[in-house]
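Q: predicted model follows, preceded by the sequence.
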Amino acid sequence: MSEASELDEIAREIRSCTRCRLHMNRTNAVPGEGNPKAEVMFIGEAPGENEDLQGRPFVGAAGKVLTEAIENFLGLKRSDVFITNVVKCRPPNNRDPQDDEIMACSPYLDRQIQTIKPKVIVTLGRHSTRYIMEKIGKQFRSILAERGKPIKADLGYGEVVILPTLHPAAGLYNPNLRKYFEEDFRTLAGLLGREKDKDKRPSIFDFLNGSRARGKEGNSDILK
Ligand code: SF4
């Protein structure tokens, strides 16, 4: 089976999944999207309101930050990478996903990783970082302690580099954190050999122009 067919099959199973309580309130499950042979895979936390309505990952304000970063720092299109979350259905009121929900949903993420076989996995925020770090036998401290430090690992298909960074919503919530997110994308560009003209790149948060973040971006727990 091709990578695309395998990902389609995983997405089909996710859309009809009732393995955890999060299926009860979803409008749409959000399996993830992107290049079935992507070199880099981004793993966020959980769908928010916009994602639940559209059935697509990272389509709100945080998604705009992520898309700008992919284009400006890596010189790639969104469709060149694969974007998903550690849980595929929206937690009520954008609360954090609970451990049993992550455990129930993680086999889908594991299968997506094994299908795509990315060279670099970028974990966005503490939930996906903790999940992947524990999977490779590392202790997770906090996202601010782990971010920006690439970890070489073997997930069963060859060497992969894990790069933890902040959830893009963190920079919307707290402007002081934007420099960390941008710094980590420079590190990512280096890992992918795509670091040309890095000094000319604008801030990826410039598009905000003072607009207020909404939804998940208002969750002050995002940095724990
Ligand atoms: S969050 Fe994951 S495990 Fe829970 S119902 Fe949705 S797809 Fe199934």
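A: Everything's here; your move.
Q: contacts and neighbour counts: CA atoms only from here.
A: Will do.
Q: where's the residue lying closest to E195 once chain neighbours are set aside, which helix or strand?
A: Nearest residue to E195, sequence neighbours excluded (C-alpha to C-alpha, 6 or more residues apart in numbering): A189, at 4.9 Å. Following DSSP states H and E, one finds A189 within helix 178-191.
Q: other SSEs contacting that helix?
A: helix 61-74, strand 159-165, helix 168-173 (3 or more C-alpha pairs under 8 Å, 6 or more residues apart in numbering; DSSP states H and E).
Q: quickly, which of these bottoms out on average pLDDT?
A: The weakest mean pLDDT among these belongs to helix 168-173, with a mean of 90.
Q: alpha carbons only: can I get the least confident helix or strand in the chain by mean pLDDT in PDB?
A: Between all helices and strands in the chain, the lowest mean by mean pLDDT, DSSP states H and E belongs to helix 168-173, at a mean of 90. This file holds the C-alpha atoms of helix 168-173, laid out as PDB (Å, rounded to 0.1, in the frame of the first residue of the first chain):
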ATOM      1  CA  PRO A 168       2.700  28.600  18.000                       C
ATOM      2  CA  ALA A 169      -0.200  29.800  20.100                       C
ATOM      3  CA  ALA A 170       2.300  30.600  22.900                       C
ATOM      4  CA  GLY A 171       3.800  33.500  20.900                       C
ATOM      5  CA  LEU A 172       0.300  34.800  20.300                       C
ATOM      6  CA  TYR A 173      -0.500  34.700  24.000                       C
END
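Q: next one: it to chain centre, how far?
A: The chain centre lies 13 Å from the centre of helix 168-173; the measure is C-alpha atoms, centre = their mean, to the nearest Å.
Q: export the helices and strands packed on helix 178-191 to a markdown table and tack on mean neighbour count and distance to P107?
A: Shown next, in a markdown table, are the helices and strands packed on helix 178-191 (neighbours: other C-alpha atoms under 10 Å; distance: least, C-alpha to C-alpha, whole Å):
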| stretch | mean neighbour count | distance to P107 |
| --- | --- | --- |
| helix 61-74 | 21 | 24 |
| strand 159-165 | 23 | 18 |
| helix 168-173 | 24 | 24 |
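Q: wait, which of the ones you listed is closest to the ligand?
A: Closest approach to the ligand among the helices and strands packed on helix 178-191 (C-alpha to the nearest ligand atom): helix 61-74, 19.4 Å.
Q: quick one: that closest one to helix 178-191, angle?
A: 40 degrees (axes from the mean of the first three to the mean of the last three C-alpha atoms, to 10 degrees).
Q: which bits of this structure sit near the ligand?
A: Selection of the chain residues close to the ligand by C-alpha under 6 Å from any ligand atom yields 14, 17-20, 22-23, 87-89, 101, 104-105.
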